[in-house]
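# I'll drop the sequence and a predicted model, then ask my questions.
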Amino acid sequence: GQQLNQSPQSMFIQEGEDVSMNCTSSSIFNTWLWYKQEPGEGPVLLIALYKAGELTSNGRLTAQFGITRKDSFLNISASIPSDVGIYFCAGRISNKLVFGAGTILRVKS
Amino acid sequence: NAGVTQTPKFRVLKTGQSMTLLCAQDMNHEYMYWYRQDPGMGLRLIHYSVGEGTTAKGEVPDGYNVSRLKKQNFLLGLESAAPSQTSVYFCASSYDFLGETQYFGPGTRLLVL
């Protein structure tokens, strides 16, 4: 079945640093989604990407839909303590939505 | 407007016991879903519903049953709980099928001993 490889698994960074995480797959997707999950809460959508090469920003977050349609990355600039959480990617093709295992982000202030 | 709510928040079961998890949404969404989240793995779809009175199997349906008697509610049942069902369960609803409009509930943490 389709699988997403999300990396890194976890990050412990200094406040103010930039963060980069990515998802790769052997399968092609039509849509890439990035979610954030805070402790005790469900995932919340951050960014949705709909076509290859698309670059979309949401405040300090920037995500890109890979040219090959098999990958996507998420960057967070100038991290702050409230960025802590688990970030998930998800790829959609036809009637399937596949989630990555998540990147745990911790920020030192 | 509460969005998606789940009850209970946390439950401990013994092997073989049964329980029902309740999900409610107030956004008039047609589509509702149940996922499980396990360490080191992405969310996996258990069952879903495309409208009142309908249910369908997702990726990992074994050991679970669901019902959607009312549009706003989606129930997940475990008839005979097993330790392998220890997980965090998320309910979600959406305007379009598996779309980016999916709103997730806060989760139910289930421990099966």
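Nice, thanks for sending it over.

# hey, let's count contacts and neighbours off CA atoms from now on
OK.

# what's the closest non-adjacent residue to residue A:50?
Using CA to CA, 6 or more residues apart in numbering or on different chains and skipping the chain neighbours, the partner closest in space to residue A:50 is residue A:31 (4.8 Å).

# residues contacting that neighbour?
Residues in contact with residue A:31 (CA atoms under 8 Å, 6 or more residues apart in numbering or on different chains) are A:48, A:49, A:50, A:51, A:91, A:92, A:93.

# in stretch A:91-105, what counts as buried?
Of the residues in stretch A:91-105, A:91, A:92, A:97, A:98, A:99, A:100, A:101, A:102, A:103, A:104, A:105 count as buried by neighbour count, 16 or more other CA atoms under 10 Å in any protein chain shown.

# just curious, which of those residues is nearest to chain B?
Set against chain B, the nearest of the buried residues of stretch A:91-105 by CA to the nearest CA is residue A:101 (4.0 Å).

# So that closest one, which state does it fall into?
coil (DSSP: H, G, I helix; E, B strand; the rest coil).

# near chain B, which residues of chain A?
Within chain A, the positions adjacent to chain B are A:33, A:40-45, A:48, A:88, A:95-102 by CA under 8 Å from any CA of the partner chain.

# any chance you could map the strands in the chain?
Since you didn't name a chain, this refers to chain A. For chain A, the strands defined by DSSP state E occupy A:5-7, A:10-14, A:19-24, A:31-37, A:44-49, A:55-58, A:61-65, A:71-76, A:85-93, A:96-99, A:103-108.

# that's the wrong chain, I wanted chain B
Under DSSP E, chain B gives strands at B:4-7, B:10-13, B:19-25, B:31-37, B:44-49, B:56-57, B:65-67, B:73-78, B:87-94, B:103-104, B:108-112.

# who wins for proximity to chain A among the ones you listed?
strand B:103-104 (5.2 Å).

# So for the residue most central in space within chain B, what's the nearest residue that isn't a sequence neighbour?
Against the mean C-alpha coordinate of chain B, by CA atoms, centre = their mean, the closest residue is residue B:34 at 2.9 Å. In space, residue B:34 comes closest to residue B:91 once its chain neighbours are excluded; the distance is 4.6 Å by CA to CA, 6+ apart.

# same question, residue B:75
residue B:22 (4.8 Å).

# One more: residue B:69?
Closest to residue B:69 by CA to CA, 6+ apart is residue B:53, at 5.4 Å.

# same thing with residue B:76?
residue B:66 (4.6 Å).

# Isn't residue A:90 up against residue A:29?
No - between residue A:90 and residue A:29 there is no contact under CA atoms under 8 Å: 9.3 Å.

# which residues does residue 55 contact?
If you meant another chain, say so; for now it's chain A. Residues near residue A:55 by CA under 8 Å, 6+ apart: A:49, A:62, A:63, A:64, A:65.

# Wait, chain B was what I had in mind.
Residue B:55 touches B:47, B:48, B:49, B:66, B:67, B:68, counting by CA under 8 Å, 6+ apart.
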